[in-house]
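**Q** any chance you can model this:
(2 chains)
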Amino acid sequence: MLTLVPSPLALRFGEGSGERFYYFDKQLHMTASSPTLFFAKPQLQALLNELRGRGYCVVGPTIEQEAIVYSELQSVEELPRGWTDEQAPGQYRLKRRDDDAWFGFVVGPHSWKKYLFPPKATLLSAEKTETGWAFIPRAADSTRYALLGVRACELAAIRIQDQVFLNGPYQDPIYRERREQLFIVAVNCTQAASTCFCTSMNTGPRCERGFDLALTEIDEGFLCEIGSDLGRDVVAACSAAPATPAQLQAAETARQQAVDQMTRHMDISDLPGLLLGNLDHPRWKEVGERCLSCTNCTMVCPTCFCSSVTEVRDLNMETVERERVWDSCFNPDFSNLGGSPVRNDTASRYRQWLTHKLDSWHDQFGTSGCVGCGRCITWCPVGIDLTEEVAAIRETPTP
Amino acid sequence: MSRKPRLAVFKFASCDGCQLSLLDAEDELLEICERIDIAHFAEASSDLQAGPYDIALVEGSITTDEDAARILRVRAESRFLITIGACATSGGVQALRNWGHIDEWVRSVYPSPEFIHTLATSTPIAAHVHVDFELHGCPINHHQLVDVLVAVAEGRQPRVPSHSVCLDCKRRGTVCHVVSRGIPCLGPVTQSGCGALCPAYDRGCYGCYGPSHPANTTSLLRQFQKLGRAPDELVPLLRNFNATTPEFRRASEQLVVLQTNGEGKSL
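**A** Here you go, the predicted structure:
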């Protein structure tokens, strides 16, 4: 039977270990605790079919444009099976693996934010009438997304964007609509790229919360943890059985491999504080000379949330649409106030971005704005590495 | 303006593609005509009305003495002078002559070079007269042109973004060619306007809309050199439709100096 009603959701206010955040938590009634399940790899198609049958648009990793991007999936055949990604500052290459792993890669140029916070959206429209203007509210978006293959750092990024878009009196209706209906199949990383540093940011690589289902790939199949009642219902389609101790051990070994491969590190012991305490550090000018101010880092960042809103009208002034597009603190026009940009050079824009991301984000949202996914390092065309910038500032702090 | 503003379109050294963009605005053309009086547009009508004009759209660069004099007359009879396209705003692809010897070129191209009277350089309109607004692109984007015309008619500022092409690539989900394939792409230093067309079709950006602001060509070219691209491959990338804009000219000349002083050196 098709269920078209989203699962019960609770918007909770969490407080603990100094972290404060609002987050969505799907109900999970721990009836006699939910054991970790196991299913054979071909059963992933059954999961996909079940989600599609329940009316979800399933999106997940697939190869396009010589990269692993997120796109709609009809079949597990579209997953990048047997491929991996090699990443370095300013460099990304697809490589054939010597095995047939289904999720043997990390994160690519896209992030899930495009599904919750679309790059372009019409917020409102208005039509001229004989007596004035008729405002037409935005039509509700009926697309329900199921994300397949969300990594731990990406779950953390979604939690951060929940804070940004849903915490407080002004909630973003587009984000809320899509977020409430979201189904998340997380996948634990079993390897790390050279640009990954989630262990530094305490966001991974283990998927601990915020999912409906979480998979760990081992040679013979997938281990599956259940994170919500809806997840439990959905996974019933996969002919899953409780995992054996050997399978649990194999999964633990696979996950540990990601931890062991993590080479990049960012010391966060003096964050927040370090960057705002060094606003006149010469390193800002130096990185400003390398930075292209091209906006790539902010676009690939799964937590960056800036946008611009403009009124777009037809020539006869009979209809007006209010459009929102992704924008960036690296776009000089973005800080235009009173006819000219507030941050008129690249160094000040880079400083604004990094101090916000790692420092003042804590004051604003109660967490760091960085999840350690490494996208901004890989996708910077000139390979600027924020972990290096932070280390350089720490090494020679300004008095 | 209580009456409809009068528009004139003038052509200098150019291919006609940019003024054709006005005719290409087929969906908007009738509405434009309701707002603006097209008084002088040789490509559209042989009924060429005399000035003065409220808006002059100027296409093309200055390459002859006659044109250098004509642009002064156009300026004198136009309230707002708007240049359209790479030729008018930066000298165009024909400005490649600025690095050569014009007499040698004329002799090698034309069978009767004595009939050719041309300047040694191709220069943008702003090098000759005051320009009120420059619309970039090779060719220009007709949606931007329509916005500029309507803006002038309404007395507001045109809405033309100056950010890099990268922002458009990311909004449409195009994967960065520099990072994923090591392809030299001018997107990070080029102004938006095309909607990131070429990268969406597996090519690097050719820089048709000219330098973005800022345009950190030094850092980007240093990266291309790191990726193994030699100066003799990068100079033609910069010396294209917008070769003589200050940012691209400086960058290509730095590379030529490197080339002359020997390979293996980085910017």
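**Q** and A:R264, how far from A:K357?
**A** From A:R264 across to A:K357, the span is 16 Å (CB to CB, to the nearest Å). The C-beta positions use only the backbone N, C-alpha and C, and glycine is treated the same way.
**Q** also A:M317?
**A** 41 Å.
**Q** cool, B:C18 as well?
**A** 41 Å.
**Q** between these two, point out the one with more neighbours.
**A** Taking other CB atoms under 10 Å in any protein chain shown, B:C18 and A:K357 do not tie; B:C18 has more neighbours (28 against 22).
**Q** residues in contact with the more buried one?
**A** B:C18 is in contact with B:59, B:84-85, B:87-88, B:137, B:139-140, counting by CB atoms under 8 Å, 6 or more residues apart in numbering or on different chains.
**Q** give me the subset of those lying in helices.
**A** B:87-88 (DSSP state H).
**Q** make JSON lines out of the contacts of B:C18 and add distance to B:F241 and pLDDT.
**A** Compiled in JSON lines, the contacts of B:C18 are given as follows (distance: CB to CB, whole Å; pLDDT from 0 to 100):
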{"residue": "B:E59", "distance to B:F241": "13", "pLDDT": "98"}
{"residue": "B:I84", "distance to B:F241": "13", "pLDDT": "98"}
{"residue": "B:G85", "distance to B:F241": "9", "pLDDT": "98"}
{"residue": "B:C87", "distance to B:F241": "8", "pLDDT": "98"}
{"residue": "B:A88", "distance to B:F241": "12", "pLDDT": "98"}
{"residue": "B:G137", "distance to B:F241": "9", "pLDDT": "97"}
{"residue": "B:P139", "distance to B:F241": "10", "pLDDT": "96"}
{"residue": "B:I140", "distance to B:F241": "12", "pLDDT": "97"}
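**Q** is there a neighbour count for B:R79? I'd like the number.
**A** Per other CB under 10 Å, the neighbour tally for B:R79 reads 15.
**Q** quick one: what helix or strand has it in it?
**A** In this assignment (DSSP states H and E), B:R79 forms part of strand B:78-84.
**Q** how about A:E225?
**A** Using DSSP H and E, A:E225 sits within strand A:221-226.
**Q** list the helices and strands that strand packs on?
**A** On a contact count with 3 or more CB pairs under 8 Å, 6 or more residues apart in numbering or on different chains; DSSP states H and E, strand A:221-226 meets strand A:37-40, helix A:43-53, strand A:213-218, helix A:229-235, helix A:245-261.
**Q** looking at these, which is closest to A:T387?
**A** helix A:245-261 (16.1 Å; CB to CB).
**Q** can I get the closest one as PDB, trimmed to CA atoms?
**A** Written as PDB, here are the backbone C-alpha positions of helix A:245-261 (Å, rounded to 0.1, in the frame of the first residue of the first chain):
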ATOM      1  CA  PRO A 245      28.900 -11.200  14.300                       C
ATOM      2  CA  ALA A 246      31.300 -11.800  11.400                       C
ATOM      3  CA  GLN A 247      29.400  -9.300   9.200                       C
ATOM      4  CA  LEU A 248      29.300  -6.700  12.100                       C
ATOM      5  CA  GLN A 249      33.100  -7.200  12.500                       C
ATOM      6  CA  ALA A 250      33.700  -6.800   8.700                       C
ATOM      7  CA  ALA A 251      31.700  -3.600   8.800                       C
ATOM      8  CA  GLU A 252      33.600  -2.200  11.700                       C
ATOM      9  CA  THR A 253      36.900  -3.000   9.900                       C
ATOM     10  CA  ALA A 254      35.700  -1.300   6.800                       C
ATOM     11  CA  ARG A 255      34.600   1.900   8.700                       C
ATOM     12  CA  GLN A 256      37.900   1.900  10.600                       C
ATOM     13  CA  GLN A 257      39.700   2.000   7.300                       C
ATOM     14  CA  ALA A 258      38.200   5.500   6.600                       C
ATOM     15  CA  VAL A 259      39.500   6.700  10.000                       C
ATOM     16  CA  ASP A 260      43.000   5.300   9.300                       C
ATOM     17  CA  GLN A 261      43.200   6.900   5.900                       C
END
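**Q** got the helices and strands packed on strand A:221-226 as CSV, with mean pLDDT and mean neighbour count columns?
**A** Shown next, in CSV, are these (pLDDT from 0 to 100; neighbours: other CB atoms under 10 Å in any protein chain shown):
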stretch, mean pLDDT, mean neighbour count
strand A:37-40, 98, 20
helix A:43-53, 98, 19
strand A:213-218, 98, 25
helix A:229-235, 96, 20
helix A:245-261, 98, 16
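**Q** is the closest residue to chain A within chain B in a helix, a strand, or coil?
**A** Chain A sits closest to B:K170 of chain B, with a gap of 3.4 Å, by CB to the nearest CB. Secondary structure assignment for B:K170 (DSSP: H, G, I helix; E, B strand; the rest coil): helix.
**Q** I'd say it and A:C294 touch.
**A** No. Counting by CB atoms under 8 Å, B:K170 does not reach A:C294; the two are 9.4 Å apart.
**Q** the more surrounded of those two?
**A** Comparing B:K170 with A:C294 by other CB under 10 Å, the one with more neighbours is A:C294, at 33 against 26.
**Q** sec struct for A:Y170, please.
**A** coil.
**Q** quick one: contacts for whichever residue of chain A sits closest to chain B?
**A** Among all residues of chain A, A:M299 sits closest to chain B, at 3.4 Å; criterion: CB to the nearest CB. When contacts are counted by CB under 8 Å, 6+ apart, A:M299 touches A:326, A:328, B:166-167, B:170-171.
**Q** strands of chain B, start to end?
**A** Counting by DSSP state E, one finds strands in chain B at the ranges B:6-11, B:37-41, B:53-59, B:78-84, B:133-135.
**Q** quick one on the thing from earlier: quick check: phi and psi on the residue of chain A closest to chain B?
**A** A:M299 adopts backbone torsions of phi -70, psi -40, taken as degrees, to the nearest 10.
**Q** contacting residues around the strand holding A:E225?
**A** A:28, A:34, A:36-41, A:43-44, A:207, A:211-216, A:232, A:235, A:238, A:240, A:243, A:247-248, A:251.
**Q** tell me who's in contact with the residue nearest the centre of chain B.
**A** By CA atoms, centre = their mean, chain B has its centre lying nearest to B:A86, at 1.2 Å. Taking CB under 8 Å, 6+ apart, we find B:A86 in contact with B:92-93, B:136-138, B:208, B:210, B:241-242.
**Q** and the residues you listed as TSV, adding distance to B:V150 and neighbour count?
**A** As requested, these are exported to TSV (distance: CB to CB, whole Å; neighbours: other CB atoms under 10 Å in any protein chain shown):
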residue	distance to B:V150	neighbour count
B:G92	26	28
B:V93	30	19
B:H136	18	28
B:G137	18	25
B:C138	23	25
B:C208	23	24
B:G210	23	25
B:F241	26	25
B:N242	26	31
